[in-house]
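K.L.:
one predicted model, sequence on top.
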Amino acid sequence: MGADIKKLRNRIKSVDSTLHLTTAMGLVASSKIRRAMEAMNRGRDYEAAVRGAIEPLINSPECRRSPYMRGETGGGVDCLVVIAGDRGMAGGYNANVFRLLREYSEANCIPVGKRACDRLGGEVCYAESFDYGKALGLAIELCRGFAEGRYDRVGVLGTHYHSMLSQEAQVRWILPLCADPSQTGTHVASAIFEPDEQTVLDAAVPEYVAGVLLSAVRESFACEIAARRTAMDSAGKNAQEMIDGLRLEYNRARQSAITQEITEIVAGSGS
């Protein structure tokens with residue numbers, strides 16, 4: 001009986017230590033979520049602004065000869081920028097990304113986020129510190145590979161934010177650019193492109209790709225923080241319930257041990 005009581009006491013201490021850890025990680029995630037959400041919204045706004053700037057060019061017949069708008073297969077492979085988390089303990093966040101990645105086993109992958117770098121290899125690139133300079137450098141490399149025909153498609157495998165409780169891993173294809181059939185041939189009357197529309201589009205595409213990459217990384221990072229906070233809240237509640245159950249079991253075992261000792265004492269004095 002004494003061994004059971006000691007085992008329960010050690011178990012309670014172990015779960016209580018885990019509870020302190022999950023609480024601390026939940027507080028850290030809560031302190032980061034507001035800034036991560038603000039960065040995600042700014043990234044979305046920037047991507048929308050850049051997309052709006054090149055939209056008239058994409059729909060212009062003069063730009064159909066652009067290497068970024070080819071429709072046929074170039075004999076290369078798909079290239080995916082895979083965005084995962086910098087840390088674990090975020091529920092199914094990283095697992096969902098890698099599960100979706102299995103559907104693109106033949107793609108050439110460029111990892112962003114420590115967990116993605118650890119899994120896919122390459123120099124560690126943290127999602128939290130991913131800035132516009134890194135996005136532009138990566139965008140130029142991707143655009144060069146696509147224009148040269150080494151890549152058939154260029155996309156981003158990241159996580160889309162729906163709400164604090166819902167995030168979804170998904171693939172977004174960036175290149176080739178696709179014109180809107182309903183808008184083909186339309187122009188902005190006040191816009192004059194020099195030296196010509198295709199040259200302007202070709203020069204603007206790396207900026208657009210950089211905007212998409214930066215927005216995707218910021219959104220995925222916000223999803224990681226939201227998933228971690230939700231996971232830590234759930235783990236904290238489960239740990240507290242486990243502690244309550246163990247304490248009840250501990251008190252029962254202790255009461256039973258005391259009752260047994262009293263019974264033995266009474267029996268001994270009677271003899």
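P.N.:
Perfect, thanks for sending it.

K.L.:
do you have the helices of this structure handy? List them.
P.N.:
2-58, 93-101, 114-120, 132-147, 197-270 (DSSP state H).

K.L.:
and residue 64, which of those is closest to it?
P.N.:
Ranking these by proximity to residue 64 (CB to CB) places helix 197-270 first, at 8.5 Å. Every residue, glycine included, has its C-beta placed from N, CA and C.

K.L.:
out of the helices of the chain, nearest to residue 175?
P.N.:
helix 132-147 (4.9 Å).

K.L.:
just for the stretch 151-271 of the chain, where's the confidence low?
P.N.:
180-191, 269-271 (pLDDT under 70).

K.L.:
among the helices of the chain, which is nearest residue 108?
P.N.:
So among these, helix 132-147 is nearest, using CB to CB, at 8.6 Å.

K.L.:
same list, the helices of the chain, but as CSV with distance to residue 86 and mean neighbour count please.
P.N.:
Shown next, in CSV, are these (distance: least, CB to CB, whole Å; neighbours: other CB atoms under 10 Å):
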stretch, distance to residue 86, mean neighbour count
helix 2-58, 11, 15
helix 93-101, 10, 19
helix 114-120, 5, 19
helix 132-147, 14, 18
helix 197-270, 7, 18
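
K.L.:
can you tell which of those helices is closest to residue 173?
P.N.:
So among those, helix 197-270 is nearest, using CB to CB, at 10.2 Å.

K.L.:
so what secondary structure elements neighbour the closest one?
P.N.:
Helices and strands touching helix 197-270, by 3 or more CB pairs under 8 Å, 6 or more residues apart in numbering; DSSP states H and E, are helix 2-58, strand 77-83, helix 93-101, helix 132-147, strand 151-163, strand 166-175.
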